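*Asks:* this is a predicted model, with the sequence first.
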Amino acid sequence: APHKKLRLDGTAVGVEVKAAPFTYRGKKGSLVVARDITERKRTEEELAKINAELEKFVLVASHDLQEPLRTTANAALLLDEGHGAKLGGEARELLGFIVSGVTHMRRLIDGLLVFSGIGEKPAVPAATESGAVMADVLTNLRAVIQESGAVVDCGPLPKVRADPSQLEQVFMNLVGNAIKFRGAAAP
């Protein structure tokens, strides 16, 4: 149990005291060990301060990131409502990519908040079509895949019990890292 004791010079020191009973040759006694935990306490306080600063940073960053996403989503919605009927197939496809990208970025920000312990708790794992999750990932990484000349070969994937957003993050990291950390040849 943590206690405060004084050093010989009068300064306070945090100590952890543990006691255990023992019997030796029929005599009972107690073994008491006191350990200086000043350094541990200082480290814990520094860690708490860093965590508070990180939480503040994540909240500010997520707010700052959400604003341009809202603007982009609203502009895409207005474009679709005002001119959607006039857009050709390629323009409608590009508009779909904008909406998909904004949605994906919102999920990433929400995931960051959950990971940092600030946002809502993650959903309970459920039956998830991992093939559908991978298809979304490949759509989100379409531009990077094309630019790198990568070929992604993905066979049938099973239904698994998982949080879909966390599974999406795993697939994003796997495919994204495979493209990013490669040799000179197209992956």
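*Replies:* All right, it came through fine.

*Asks:* now the longest strand seen in the chain: buried residues?
*Replies:* In the chain, taking DSSP state E as the definition, the longest strand is strand 12-24. For strand 12-24, the buried set under the neighbour-count rule, 16 or more other C-beta atoms under 10 Å, comprises 14-15. To be clear about C-beta, it is placed using only N, CA and C from the backbone, and glycine gets the same treatment.

*Asks:* what's it packed up against?
*Replies:* Where contact means 3 or more C-beta pairs under 8 Å, 6 or more residues apart in numbering; DSSP states H and E, strand 12-24 is packed against strand 2-6, strand 27-36, helix 38-83.

*Asks:* list the strands paired with the second one, with their directions.
*Replies:* Spelled out, that is strand 27-36. Here strand 27-36 is paired, per DSSP bridges, with strand 12-24 (antiparallel).

*Asks:* can I get the strand it pairs with in PDB, CA atoms only?
*Replies:* Taking Å, rounded to 0.1, in the frame of the first residue of the first chain, the C-alpha atoms of strand 12-24 are listed here in PDB:
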ATOM      1  CA  ALA A  12       8.800  13.300   1.800                       C
ATOM      2  CA  VAL A  13       9.200  10.100  -0.100                       C
ATOM      3  CA  GLY A  14       6.400   7.800  -1.500                       C
ATOM      4  CA  VAL A  15       6.900   4.200  -0.400                       C
ATOM      5  CA  GLU A  16       5.100   1.000  -1.100                       C
ATOM      6  CA  VAL A  17       5.000  -1.200   2.000                       C
ATOM      7  CA  LYS A  18       4.400  -5.000   1.800                       C
ATOM      8  CA  ALA A  19       4.200  -7.200   4.900                       C
ATOM      9  CA  ALA A  20       3.900 -11.000   5.100                       C
ATOM     10  CA  PRO A  21       3.600 -13.200   8.200                       C
ATOM     11  CA  PHE A  22       6.100 -16.100   8.600                       C
ATOM     12  CA  THR A  23       7.000 -18.800  11.100                       C
ATOM     13  CA  TYR A  24      10.600 -19.900  11.700                       C
END
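
*Asks:* how far does it sit from the chain's center?
*Replies:* How far strand 12-24 lies from its chain's middle: 41 Å, per C-alpha atoms, centre = their mean, to the nearest Å.

*Asks:* tell me what angle that strand forms with helix 38-83.
*Replies:* Put simply, strand 12-24 runs at 120 degrees to helix 38-83, going by axes from the mean of the first three to the mean of the last three C-alpha atoms, to 10 degrees.
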